[in-house]
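> My questions concern the predicted model and sequence given below.
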There are 4 protein chains.
Amino acid sequence: MPKLLDFPIIVINFKTYLESLGDRGMRIAKDAESVSNETGVCICVAPQFTDIKSIANAVSIPVFAQHVDPYPPGSYTGSISVEAIKDAGAIGSILNHSEKKLQLASIFAAVKMLKNAGMFSLVCAEDVEPAMAVAALSPTMLAVEPPELIGTGIPVSKARPEIVSESVQRIRSINREIKILCGAGITRGDDVRRAIELGSDGVLLASGVVKAKDPRAVIKEMAEAVLSSR
Amino acid sequence: MPKLLDFPIIVINFKTYLESLGDRGMRIAKDAESVSNETGVCICVAPQFTDIKSIANAVSIPVFAQHVDPYPPGSYTGSISVEAIKDAGAIGSILNHSEKKLQLASIFAAVKMLKNAGMFSLVCAEDVEPAMAVAALSPTMLAVEPPELIGTGIPVSKARPEIVSESVQRIRSINREIKILCGAGITRGDDVRRAIELGSDGVLLASGVVKAKDPRAVIKEMAEAVLSSR
Amino acid sequence: MPKLLDFPIIVINFKTYLESLGDRGMRIAKDAESVSNETGVCICVAPQFTDIKSIANAVSIPVFAQHVDPYPPGSYTGSISVEAIKDAGAIGSILNHSEKKLQLASIFAAVKMLKNAGMFSLVCAEDVEPAMAVAALSPTMLAVEPPELIGTGIPVSKARPEIVSESVQRIRSINREIKILCGAGITRGDDVRRAIELGSDGVLLASGVVKAKDPRAVIKEMAEAVLSSR
Amino acid sequence: MPKLLDFPIIVINFKTYLESLGDRGMRIAKDAESVSNETGVCICVAPQFTDIKSIANAVSIPVFAQHVDPYPPGSYTGSISVEAIKDAGAIGSILNHSEKKLQLASIFAAVKMLKNAGMFSLVCAEDVEPAMAVAALSPTMLAVEPPELIGTGIPVSKARPEIVSESVQRIRSINREIKILCGAGITRGDDVRRAIELGSDGVLLASGVVKAKDPRAVIKEMAEAVLSSR
């Protein structure tokens, strides 16, 4: 079993697909766990909020939230606090996904709150400059994910490889600690391999696994791509 | 045990208080259930998102979400779908709480999506005219809750009773099906009694129970106030 | 020249088109004024914020803002206050356009602030129920404008006439004072005529005039449709 | 008269105060212009949207907008386009003020759109890390403005000088082109002098001038502080 977070990493964002809800989400999480156990590759899942607790209780792989609000516990009806996702068993959260864009001030606050709670942050950015901006906030990981490629099956590592390589190079020159993921359009082992060749520390993906006919087979192919690139 | 929803009703909003998170939230839900069983009064709980499933699995009283996003299942990272809260065991959702204000178009969409899923909606409004506006969207329940009284311990039924009585009267004149709750500042049995005397169908409250030294005692006092007002 | 507001009315929303900016917006406003003077039909313009003052100074027809923020004057960098648009010469504001959706609480507050300033409000709604909800807030006018038809050239009066007629009928049954406009897809005199036949008090339109080759000719055709339907 | 932008600079944000609206805003702009002419210090004003055009037409000092939306001209009812503020005579815009916080993606887009239009951007940040993040987007200027000090009369240069000096030092180490302003609580010449001593290129202020009994006297005192620190 991998250490808490181990790179190259695969992070599976469940979004709010029906295919990832409840029992079906549990199935994908179990698949990810079994592939992780088999291959030793670190695979994280980011289930829907209402499924975090049951999935975190059932699997040993790292569980992330898909978003967290930058408010302390209290009078915040309908919000998601860092404390809530931690209590439910998550060890971190995705932030600023292009489907849940945040104010700069909120990303700053949420990264800090997660850090103070001993948790990880994975902040998304759509291009090189926003990725540099995110890097200045010192999250654990950042994912470069051009929104126009999300869900297309066209991997960023192929369509716009320079976004990945340039982000990696420029961010590494100022901060060597932040792990840089590659997102958008990742559906096959090849996309993962290419992402790693471009210098990234792994991938963030969603529909490529969640909407696959055989999610386990896709996860397996991706984990093997990670192994082969080590 | 009460029917699914039975009026006058008591709805307990857990907000994101530490006192209502995880095991402590479960404790309050169990207290609410045992009082409901003892008294026959319908008591609903609205736990934090990550606790909906475990609480809905553990208690027989109605469970609500505190909010739901007006999007279908799909590519909506970090959102809460109607399908997700339903799968987790909720039978409805609070909407437009003054701490989670929604666009008019979103309230309309969410009420409709909940209805299509066979679920209940409880929409908040801050004053008489917004309450009338909400009534036009035909939610199951609406709660009149002047934001300036929330968390003060000063009940709307005492501070601004005319908001409640006028909302009740004007809404009933055009739609007799919508149940009208009274929110903000409700902390004692007396506040519940007064709310019902003003013509409302129950109360929506949060800190009065969640932050009480003895939540069960407060719930009990409120349930007895409901009984005595029947 | 028509009285301040006179019905059936034509309201031209300039949006942020280049074709309605600066001198080109002034041209359209002057065209609207000259047609209004010729025909006696009330024609309002809603220029871009930066053009309100120069246009209101130059024409005698009513000028509206396209939006106003529900904040009092003060520490609200980047906002538009009721006082600002009034000082600039506007006599009212559009609110809750589907391209600038507002929280229910903000519509309520803004309508009240406009009224307190002696100004008019024109609140948009996308369907019958939201239109009923808006009516409960007692704006001066409301416009029923299904977002899916905006900019299509397919008039709501043709594509979904029942939205207009049903809104008119249901709103009139509870409030006879609110004027009801018909929006979305209005590009010809015929669309205006049909809108009035369905019981509405006029039209709210944008690209039909702003992006027309000859805006004055379109305005003229619409004003004549108003006249012929009187 | 100063060159287009010349540092150290003084930027006066009019917010939406009544004291800066219409004729009163024109008065402050004229005062700023006359002090600028007398002293040769670059003084910019950021009037309310509806006053940009008349003020830009009347004074020769640089005029900024307080905000701009990251949308192209088009179907964006109620928005402020870069083209609109440019047409009105502004040469740039403030962005992400703590009273008008923006998503990271929107700051990125707006800075780029302003640059493409040959205009200046002045992006606010509340702390050192967000300031570093903003710097990664390469705006013309950035202002470090801890929100808790805004409007207090307690200058950031006194209350939290390290935020300014640390921002200056860290940003200069990676990008020497961005001009760094000091905001929040600036009300006297002394605050300006201290801000410049801490390494900043000027100040962004609002109520210190706008709500002063004698705005011209305050502007004069500040301009002289700039001169004395050269």
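Yes, it's here.
> Quick one: residues contacting the residue lying closest to A:Ser207 once chain neighbours are set aside.
Using Cβ to Cβ, 6 or more residues apart in numbering or on different chains and skipping the chain neighbours, the partner closest in space to A:Ser207 is A:Gly151 (5.3 Å). Quick note: C-beta positions are derived from backbone N, CA and C, even for glycine. By Cβ atoms under 8 Å, 6 or more residues apart in numbering or on different chains, the residues touching A:Gly151 are A:185, A:206-207, B:75.
> Worst mean pLDDT across the helices and strands of chain A, which element?
In chain A, no helix or strand scores lower on mean pLDDT, DSSP states H and E than helix A:156-159, which sits at a mean of 78.
> by contact count, what packs against that one?
For helix A:156-159, the elements it packs on are helix A:161-174, strand A:179-183, helix A:189-197, judged by 3 or more Cβ pairs under 8 Å, 6 or more residues apart in numbering or on different chains; DSSP states H and E.
> And for stretch A:22-29, what's in contact with it?
By Cβ under 8 Å, 6+ apart, stretch A:22-29 touches A:12, A:14, A:18, A:20, A:45, A:47-48, A:51, A:54-55, A:58-59, A:61, A:63, A:209-210, A:215, B:87-88.
> So for the lengthiest helix in chain A, mean pLDDT?
Across chain A, the helix with the greatest residue count (assigned by DSSP state H) is helix A:23-39. Averaging pLDDT along helix A:23-39 gives 98.
> where along chain A do the strands fall?
Assigned by DSSP state E, the strands in chain A fall at A:9-13, A:42-46, A:64-65, A:92-95, A:120-125, A:141-144, A:179-183, A:202-205.
> could you dump these to CSV with mean pLDDT, mean neighbour count and distance to A:Ile196?
Output for the strands of chain A, formatted as CSV (pLDDT from 0 to 100; neighbours: other Cβ atoms under 10 Å in any protein chain shown; distance: least, Cβ to Cβ, whole Å):
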stretch, mean pLDDT, mean neighbour count, distance to A:Ile196
strand A:9-13, 97, 27, 10
strand A:42-46, 98, 28, 13
strand A:64-65, 98, 28, 20
strand A:92-95, 98, 28, 20
strand A:120-125, 97, 28, 17
strand A:141-144, 95, 30, 14
strand A:179-183, 93, 27, 8
strand A:202-205, 95, 28, 7
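> number of nearby residues for A:Ile219?
28 (other Cβ atoms under 10 Å in any protein chain shown).
> Contacts only, for it.
Shown in contact with A:Ile219 (Cβ under 8 Å, 6+ apart): A:10, A:12, A:31-32, A:35, A:43, A:209.
> Chain neighbours aside, what residue packs nearest to it?
Among residues not flanking A:Ile219 along the chain, A:Val35 sits closest, at 4.7 Å (Cβ to Cβ, 6+ apart).
> That neighbour touches A:Ala223, doesn't it?
Yes: because the distance of 5.1 Å satisfies Cβ atoms under 8 Å, A:Val35 is recorded as touching A:Ala223.
> Now do the shared contacts for those two.
Common neighbours of A:Val35 and A:Ala223, using Cβ under 8 Å, 6+ apart, are A:41, A:43.
> Now do A:Gln66 against A:Ala117, distance only.
In this view, A:Gln66 and A:Ala117 are 17 Å apart by Cβ to Cβ, to the nearest Å.
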